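**Q** just to be clear, the model below is a prediction. Sequence and coordinates:
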Amino acid sequence: MPAHEVILDIGRGDPYEWGALLVTLLAFPEKDAPETLMESCFYSLCSFAIRGRMAHDPAWAYQKQPIKPIYACRDVKRLEHDIRHIEKRLMHRMLAGKMCIPFLKEVEMGATPELPPGVERLNISQVANTVLRESRNNEPKNVVSRIWRQSLPVIHLAAAITIISSECVRLGQGPLTVAHLVVDPSAIKWVVRRAEEYIPLLAKSRRAHVDVESLLRIRLAA
């Protein structure tokens, strides 16, 4: 069970450990999340970051590094299994983040924004229709129960990542990926700060029905 508030001290230790923690908490927001699976995914994300740097920086790979053996010696099959599991869960978070956007826009604009095709009214059930095909569900109620509600503790983070990723694409860059969130300190800071900005908006939204007191608060160390 994740703590209600987590402090990321990116200036201390290896940034990829904090990025791996952020992604793990995002993937497992539920109160009864299996701790052994969360731990395994965290280790695999750290190993993923190390292997990624080795691939892109051969000179670094041949130098002595203060790396924890549990990361460096991670079983490849276990790593690949964990990464696939994380990516599936993160896909659900991003869909929930996409669903959240109209509610944030309504508060920002002070009026109902232009609704996506097929959405007649701004409510959770109607917005669920916009991600029905991507979610591989047949009924909006399944999207609401399996994706929206399960993502609520981290909905502010999910919305931040979804919106930032769209902004990056519009600027001609690639979308925000798991790799960026794990290895790039600037991406971590960007997401955490943006998510904090969305909390008061969610508190004012009458239609999103988000209990902001139950959100997992992730902050950057001063």
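**A** It's in. Values in this document were obtained by computation on a predicted structure and should not be read as measured data.
**Q** which helix or strand in this protein has the lowest average pLDDT?
**A** helix 132-135 (a mean of 87; mean pLDDT, DSSP states H and E).
**Q** what's the mean pLDDT across stretch 187-200?
**A** Per-residue pLDDT over stretch 187-200 has a mean of 96.
**Q** tabulate the CA atom coordinates of that stretch in CSV.
**A** Extracted as CSV, the C-alpha positions of stretch 187-200 are listed here (Å, rounded to 0.1, in the frame of the first residue of the first chain):
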residue,chain,number,x,y,z
ALA,A,187,10.4,14.7,-17.1
ILE,A,188,9.8,13.5,-13.6
LYS,A,189,9.8,17.1,-12.3
TRP,A,190,7.5,18.2,-15.1
VAL,A,191,4.9,15.5,-14.4
VAL,A,192,4.9,16.0,-10.6
ARG,A,193,4.6,19.8,-10.8
ARG,A,194,1.8,19.7,-13.4
ALA,A,195,-0.1,17.1,-11.4
GLU,A,196,0.1,19.4,-8.4
GLU,A,197,-1.6,22.1,-10.5
TYR,A,198,-4.4,19.8,-11.3
ILE,A,199,-5.4,19.0,-7.8
PRO,A,200,-7.2,22.3,-7.0
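**Q** wait, what's in contact with the nearest residue to residue 15 once chain neighbours are set aside?
**A** Using CB to CB, 6 or more residues apart in numbering and skipping residues adjacent in sequence, the residue nearest residue 15 is residue 185, 4.4 Å away. Quick note: C-beta positions are derived from backbone N, CA and C, even for glycine. Shown in contact with residue 185 (CB atoms under 8 Å, 6 or more residues apart in numbering): 10, 15, 18, 19.
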